[in-house]
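Peer 1: from the sequence below, what's the structure:
(chains A and B)
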Protein chains: 2
Amino acid sequence: MKLATLKNGRPDGQLVVVSTDMTRFVSAGRIAPSLQAALDDWAALVPQLNALADQLEAGAIAGQVFDPSMALAPLPRAYQWIDGSGYLSHLERVRSLKGSKDEQLQSTRPLLYQGGSDSLSAPISPILATDPDLAVDFEAEVAVIIGAVPMSATREQAAAAIRLVTVCNDVSLRRLVLDDLQNGFGFFHAKPATAFAPMVCTPDSLGGAWRDNRLHLPVRVEVNGTLFGQPNAGTDMHFDFADLIVEAARTRSLGAGTIIGGGTVSNRHDESLPIKRDGIGFACIAEARTVEKLKFGRARTPFLKPDDVVRIGAMLDAQSVFGDIVQTVVIASPAGR
Amino acid sequence: MKLATLKNGRPDGQLVVVSTDMTRFVSAGRIAPSLQAALDDWAALVPQLNALADQLEAGAIAGQVFDPSMALAPLPRAYQWIDGSGYLSHLERVRSLKGSKDEQLQSTRPLLYQGGSDSLSAPISPILATDPDLAVDFEAEVAVIIGAVPMSATREQAAAAIRLVTVCNDVSLRRLVLDDLQNGFGFFHAKPATAFAPMVCTPDSLGGAWRDNRLHLPVRVEVNGTLFGQPNAGTDMHFDFADLIVEAARTRSLGAGTIIGGGTVSNRHDESLPIKRDGIGFACIAEARTVEKLKFGRARTPFLKPDDVVRIGAMLDAQSVFGDIVQTVVIASPAGR
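Peer 2: Here you go, the predicted structure:
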């Protein structure tokens, strides 16, 4: 089952069911007004949502034309957004850039940070930055939305709580990362609103692409229409989503509708640069720059400039299975001045 | 106007208006089902809420008996909880304990961290810890709930967005603070659910106690019935709530219903220990321990043990104006094992 949240003038949008081929949708408003409402009563409501999806699929309901540009983030505001670090090669490649003073890699327990979730960006929202010199970067990630998880949950409880899967863009202002981390209180100013793909899918609807608590699909990233990377999210994911949820629940319960990011998708490789047509590449600029520094003595790939466009999607059978995130960098003038 | 959220079996509870003397309440369900719903349409709904409060106050509505033990956190789950550091003496006193590697105090711009907001504790919820050796501490703070704030907001916009004021207990597991901060990604495991007082008040209802974007009231803390501290939240607050909101909005907008904490209330003083009946004392154990280490060579005040009770309230005319937070430490056995 594919779900989306469409604009309706309200903060939480309108929950809809989308056909497998992503051409049609039907409102799920009779069942649950919003995705959060569906997650709050998932066990009771998911059979009704599945039945509606079956009717749409069979043509018993004609539905309306699905236009992904009308989609908000699946949860336009969420009660929790936790970003994990499932891929060690991402950490290895960017750690020096981030100015961390602790060089020891966390390979036994995943790192997590608490992200802002009050405003999650629609798939085609601009990346708003106050200053073109903030070193705007993208981070293409897989994310899961979960049901309630008790404190000290087991791996089994964690895996069973995974309700929905999608991709997101954890926008990062690299120039502010060092300040945030040196303050010692973690990411804050360096992480403006995260953007999400227009659709979420239940794990079962992804078939073999969802297994071992990982999404085994390439996440394709283009910058200004040129391939930047297509690392496979199922490869080199050292900590799977069950690991990340267990770690997040170490000292506290997690509410229904918590979103957990798997970290920037990153595969180990030693490709030459620039990235070839069939290459793996990178899912963020910072990694490419670190590799360039090591190979050439200096970084060549610039961070995003105003008007640059980044496109992110997870590819299944030549289809972007959650729809694409397509964001343009826009310099925002301070509000009310 | 005083508002509260009462238990009704749903995650967001029932919004009610409470009489000034805190003895009676009336449901505000006709106006807004939840506090978040009221905040989403504040300008349109606050006149109706005020009118209802006036009717309750005048006795035109009898209302029901208000029992603070039926209260949830005003927002039992929120889209954002940001904790700031308004009081420099708190940072000075605890910094060495927190293991920060950056010794320079942030006196020009306030520190902020992104806290978990998916599950905010009711005023009489236990403090659940997985292990008695985690060094459980309280942090008594003033918090404000705000309307939407644009990115790069001015101080005027920030101050005008303050909708409601209350107190909270930013529960801290001191044994995990060092790990969290050394990981470089900020607080996570060291900060389980924050608890809130049973009522929130509009700034105007606090009269002269709310001025200069600060709450000028003593925040009284008792541990097992003994006074631990009563620092005045309006004294030595270097960064006021407008400063904290401006800083939080540097690179992003803030959604309606964002909660901002002012940081552990902390007054500069050089009192002898233990705290006298009319003393100022401390609003967290960590500060007391640091002062003891400097005076006596070792910390004497233990962290909270199982069954210890902490009580927190802001005092106005001998009344706890938001009602009391009363939490008992309970060791939670891992769920489902």
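
Peer 1: A:S34 contacts A:L15, doesn't it?
Peer 2: Yes. Using Cβ atoms under 8 Å, A:S34 makes contact with A:L15 at a distance of 5.5 Å. Bear in mind the C-beta positions are built from the backbone N, C-alpha and C, glycine included.

Peer 1: spell out which residues are contacts of both of those two.
Peer 2: Common neighbours of A:S34 and A:L15, counting by Cβ atoms under 8 Å, 6 or more residues apart in numbering or on different chains, are A:T5.

Peer 1: all helices of chain A, in order?
Peer 2: Counting by DSSP state H, chain A has these helices, from start to end: A:35-40, A:42-58, A:88-98, A:155-160, A:174-183, A:241-248, A:285-296.

Peer 1: A:F185 reaches B:G115, doesn't it?
Peer 2: No. Judged on Cβ under 8 Å, A:F185 makes no contact with B:G115 at a distance of 10.3 Å.

Peer 1: mutual contacts of the two, please.
Peer 2: B:F187.

Peer 1: okay, now the nearest residue to A:R214 once chain neighbours are set aside: neighbour count?
Peer 2: Once flanking residues are discounted, A:R214 sits nearest to A:G234: 4.6 Å by Cβ to Cβ, 6 or more residues apart in numbering or on different chains. Residues lying near A:G234 (other Cβ atoms under 10 Å in any protein chain shown) number 19.

Peer 1: hang on, isn't A:G234 packed against A:H216?
Peer 2: Yes. Counting by Cβ under 8 Å, A:G234 touches A:H216, with 3.1 Å between them.

Peer 1: mutual contacts of the two, please.
Peer 2: Common neighbours of A:G234 and A:H216 (Cβ under 8 Å, 6+ apart) are A:A209.

Peer 1: so which of the helices of chain A is the most packed in?
Peer 2: The highest mean neighbour count among the helices of chain A, using mean count of other Cβ atoms under 10 Å in any protein chain shown, belongs to helix A:241-248: a mean of 24.

Peer 1: and for that one, what are the contacting residues?
Peer 2: With contacts defined as Cβ under 8 Å, 6+ apart, helix A:241-248 is touched by A:82, A:84, A:86, A:109-110, A:112, A:144, A:146, A:149, A:153-155, A:158-159, A:161-162, A:213-214, A:239, A:254, A:258, A:260, A:262, B:188.

Peer 1: are any of those residues buried, and which?
Peer 2: Those of the contacts of helix A:241-248 that meet the buried threshold are A:82, A:84, A:86, A:110, A:112, A:144, A:146, A:149, A:153-154, A:158-159, A:161-162, A:213-214, A:239, A:254, A:258, A:260, A:262, B:188, by 16 or more other Cβ atoms under 10 Å in any protein chain shown.

Peer 1: list the contacts of A:T5.
Peer 2: A:12-16, A:34-35, A:71-76.

Peer 1: make it 6 Å
Peer 2: Contact analysis of A:T5 by Cβ atoms under 6 Å, 6 or more residues apart in numbering or on different chains lists A:13, A:15, A:35, A:72, A:74.

Peer 1: pick the one among those residues closest to B:I61.
Peer 2: Closest approach between the contacts of A:T5 and B:I61, by Cβ to Cβ: A:G13, at 35.6 Å.

Peer 1: so the closest one sits against A:L72, correct?
Peer 2: Yes. With contacts counted by Cβ atoms under 6 Å, A:G13 reaches A:L72, the gap being 4.4 Å.

Peer 1: what is the rounded mean pLDDT of stretch A:113-125?
Peer 2: Across stretch A:113-125, pLDDT averages out at 97.

Peer 1: who's in contact with that stretch?
Peer 2: A:69, A:71-73, A:76-78, A:80-81, A:83, A:186-187, A:191, A:193-198, A:325-326, B:79-80, B:114, B:116, B:185-186, B:188, B:253, B:255, B:258.

Peer 1: ditto for stretch A:167-184
Peer 2: Contacts for stretch A:167-184 (Cβ under 6 Å, 6+ apart): A:83, A:98-99, A:127, A:134-135, A:137-139, A:141-143, A:187-190, A:192, A:194-197, A:312, A:314, A:322, A:325, B:100, B:102, B:111, B:181, B:184.

Peer 1: out of those residues, name the ones that lie in strands.
Peer 2: With DSSP state E as the criterion, strands contain A:83, A:127, A:137, A:141-143, A:195-196, A:312, A:314, A:325 from among those.

Peer 1: for the residues you listed, pick the one with the most neighbours.
Peer 2: A:F196 (32 neighbours).

Peer 1: look up phi and psi at the nearest residue to it once chain neighbours are set aside.
Peer 2: Using Cβ to Cβ, 6+ apart and skipping the chain neighbours, the partner closest in space to A:F196 is A:A73 (3.9 Å). Phi and psi for A:A73, reported as degrees, to the nearest 10, are phi -60, psi 150.

Peer 1: go on, A:P74?
Peer 2: With angles defined as degrees, to the nearest 10, A:P74 sits at phi -50, psi -40.

Peer 1: which residues are in contact with it?
Peer 2: Residues in contact with A:P74 (Cβ under 6 Å, 6+ apart) are A:5, A:35, A:196, A:200.

Peer 1: what residue in chain A comes nearest to chain B?
Peer 2: A:G186 (1.5 Å; Cβ to the nearest Cβ).

Peer 1: ok, that residue - contacts?
Peer 2: A:113, B:113, B:185-186.

Peer 1: between those, which sits nearest A:D307?
Peer 2: For the contacts of A:G186, the nearest to A:D307 is A:Y113 (29.4 Å; Cβ to Cβ).

Peer 1: how many neighbours does the closest one have?
Peer 2: A:Y113: 25 surrounding residues under other Cβ under 10 Å.

Peer 1: same question, the one 4 residues further on
Peer 2: Using other Cβ under 10 Å, A:S117 is surrounded by 27 other residues.

Peer 1: any idea how far it lies from B:G279?
Peer 2: 41 Å (Cβ to Cβ, to the nearest Å).

Peer 1: A:I260 now?
Peer 2: For A:I260, the distance to B:G279 - Cβ to Cβ - is 45 Å.

Peer 1: would you list the contacts of A:T5 in JSON lines and tack on pLDDT and distance to B:G208?
Peer 2: What follows is the contacts of A:T5, written out as JSON lines (pLDDT from 0 to 100; distance: Cβ to Cβ, whole Å):
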{"residue": "A:G13", "pLDDT": "98", "distance to B:G208": "43"}
{"residue": "A:L15", "pLDDT": "98", "distance to B:G208": "47"}
{"residue": "A:L35", "pLDDT": "98", "distance to B:G208": "45"}
{"residue": "A:L72", "pLDDT": "98", "distance to B:G208": "43"}
{"residue": "A:P74", "pLDDT": "98", "distance to B:G208": "46"}
